[in-house]
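In: structure for the following, please:
(3 chains)
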Amino acid sequence: MKSYRKELWFHTNTRRELINITSTVQNCVLVLVNAMHITASVFINDDESGLHSDIEKWLEHLAPEKPYSQYKHNSYEDNADAHLKRTIMGREVVVALTDGKLDFGTWEQIFYGEFDGKRKKRVLVKIIGE
Amino acid sequence: MKSYRKELWFHTNTRRELINITSTVQNCVLVLVNAMHITASVFINDDESGLHSDIEKWLEHLAPEKPYSQYKHNSYEDNADAHLKRTIMGREVVVALTDGKLDFGTWEQIFYGEFDGKRKKRVLVKIIGE
Amino acid sequence: MKSYRKELWFHTNTRRELINITSTVQNCVLVLVNAMHITASVFINDDESGLHSDIEKWLEHLAPEKPYSQYKHNSYEDNADAHLKRTIMGREVVVALTDGKLDFGTWEQIFYGEFDGKRKKRVLVKIIGE
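Out: Below you'll find the predicted structure:
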């Protein structure tokens, strides 16, 4: 069995951002794509800006950023909400590869979801081959 | 390493429905079972109708279907809530296979969760073997 | 392809508890770690007690334990909230192994999240090797 490893790096300009990373992972039998940070997510959904804006609003409702003082974690940092938002969105996706392509339904796209950005962060791509 | 691919197709009569798909995936070392649609879920939980009804009510509370106008995504469609419900429930499960059987705890069962049904949709089963 | 199987057993003193299980899974190419119970979770996040306390409070807000009568599932049991809490937190993690080590970002740690404890429960570790 062969396996390959690749890191994708990001540095967003805003605290929260969704980045389509589908094209970077087209190769083998199974691929694991995971955030290497606990305030970011890798998830699969639609590449539609209205939905992305709905997700942002919905996550702010379920796990609001402010006031910072509502979270015990924020005595050290200000990103407790980002840990919770990523919990809702998920850390990783495992995707089947068939005939060298991501075995996806019509609308499936992989996103990196940043919830505490403005700094360098990365995603791990682990490919499992024959 | 061998791998196998199988599609399971569904066409629900109601917009939302939970379907037990455990028996269709009994074979190998590791199996990935994922929804191929971004408004549906594959998840593991109890096969108990009271709980299924609790999940339906809870998801409606966390991500209500109506009013449709509360979601930007709904200028194109009416299923923004289904994208959010599936986010909570998850897209996929990865399950270990030991001695040719799903290596499950007593109550674990795999479900297909439909959140925008009444049309043909499918699940991918990818089996990783020796 | 080789694969290994290991069970980790837990018996918590309190109904809800978070247990760091990172060190028990350091070996191969890919590792699946999953709860074998549908009222428990395996997830990856920070090993910081303030955050753990925030997660407890947040889950109680999203899926309150009491009153028990608010859930149909509780005509048989009293743990419907634990099924929902585990749904938010997730059943499993899939982690890449590189050079015999968990391929983790700086702060990633694996936790067993118990939401209906005070009894013997277990986690499955399935390691996929060369």
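In: pLDDT (mean, whole number) over the longest helix that chain A contains?
Out: Scanning chain A for the longest helix, with DSSP state H as the assignment, gives helix A:49-62. Helix A:49-62 comes out with an average pLDDT of 95.
In: what residues sit buried inside that helix?
Out: For helix A:49-62, a neighbour-count test (16 or more other C-beta atoms under 10 Å in any protein chain shown) marks A:Gly50, A:Leu51, A:His52, A:Asp54, A:Ile55, A:Glu56, A:Trp58, A:Leu59, A:Leu62 as buried. All C-beta spots, glycine's among them, are computed from the backbone N, C-alpha and C.
In: gap between A:Ala80 and A:Ala63?
Out: Separation of A:Ala80 from A:Ala63 (C-beta to C-beta, to the nearest Å) stands at 8 Å.
In: more crowded one of the two?
Out: Higher neighbour count among A:Ala80 and A:Ala63: A:Ala80, with 27 against 22, using other C-beta atoms under 10 Å in any protein chain shown.
In: contacts only, for that one.
Out: With contact taken as C-beta atoms under 8 Å, 6 or more residues apart in numbering or on different chains, A:Ala80 is in contact with A:Tyr68, A:Tyr71, A:Lys72, A:His73, A:Asn74, C:Gly50, C:Leu51, C:Asp54.
In: how near is it to A:Glu65?
Out: For A:Ala80, the distance to A:Glu65 - C-beta to C-beta - is 9 Å.
In: strands of chain A, residue ranges please.
Out: With DSSP state E as the criterion, chain A has strands at A:3-11, A:17-20, A:30-35, A:40-45, A:92-98, A:101-102, A:109-114, A:120-128.
In: how about the shortest one, does it reach chain B?
Out: Just to be clear, that refers to strand A:101-102. No: using C-beta under 8 Å from any C-beta of the partner chain, strand A:101-102 never reaches chain B; the gap is at least 10.8 Å.
In: repeat for the fourth one
Out: Yes: against chain B, strand A:40-45 shows contacts by C-beta under 8 Å from any C-beta at A:Phe43, A:Ile44, A:Asn45.
In: pipe those into CSV and attach distance to chain C per row.
Out: As requested, the residues of strand A:40-45 next to chain B are arranged in CSV below (distance: C-beta to the nearest C-beta, whole Å):
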residue, distance to chain C
A:Phe43, 12
A:Ile44, 14
A:Asn45, 16
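In: quick one on the thing from earlier: now the strands of chain A in TSV, with distance to B:Thr106, mean neighbour count and mean pLDDT?
Out: Formatted as TSV, these follow (distance: least, C-beta to C-beta, whole Å; neighbours: other C-beta atoms under 10 Å in any protein chain shown; pLDDT from 0 to 100):
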stretch	distance to B:Thr106	mean neighbour count	mean pLDDT
strand A:3-11	33	14	61
strand A:17-20	39	17	66
strand A:30-35	28	25	87
strand A:40-45	30	25	91
strand A:92-98	25	21	88
strand A:101-102	35	15	82
strand A:109-114	34	23	88
strand A:120-128	30	20	83
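In: and the longest helix of chain A, what does it pack against?
Out: Packed against helix A:49-62 by the contact rule (3 or more C-beta pairs under 8 Å, 6 or more residues apart in numbering or on different chains; DSSP states H and E) you find helix A:80-89, helix B:80-89.
In: quick one: which of the ones you listed is nearest B:Leu32?
Out: Nearest to B:Leu32 among the helices and strands packed on helix A:49-62 is helix B:80-89 (16.4 Å), distances taken as C-beta to C-beta.
In: pLDDT (mean, whole number) over the closest one?
Out: Mean predicted lDDT for helix B:80-89 stands at 96.
In: let's see it as PDB, backbone CA atoms only.
Out: Output in PDB follows, covering the C-alpha atoms of helix B:80-89 (Å, rounded to 0.1, in the frame of the first residue of the first chain):
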ATOM      1  CA  ALA B  80     -30.900  26.000   2.900                       C
ATOM      2  CA  ASP B  81     -32.200  24.300   6.100                       C
ATOM      3  CA  ALA B  82     -31.400  20.900   4.700                       C
ATOM      4  CA  HIS B  83     -27.700  21.900   4.100                       C
ATOM      5  CA  LEU B  84     -27.500  23.100   7.800                       C
ATOM      6  CA  LYS B  85     -29.300  20.000   9.200                       C
ATOM      7  CA  ARG B  86     -26.900  17.700   7.300                       C
ATOM      8  CA  THR B  87     -23.900  19.700   8.700                       C
ATOM      9  CA  ILE B  88     -25.100  18.900  12.200                       C
ATOM     10  CA  MET B  89     -25.600  15.200  11.400                       C
END
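In: tilt between that helix and strand B:30-35?
Out: Following axes from the mean of the first three to the mean of the last three C-alpha atoms, to 10 degrees, one obtains 160 degrees for the angle between helix B:80-89 and strand B:30-35.
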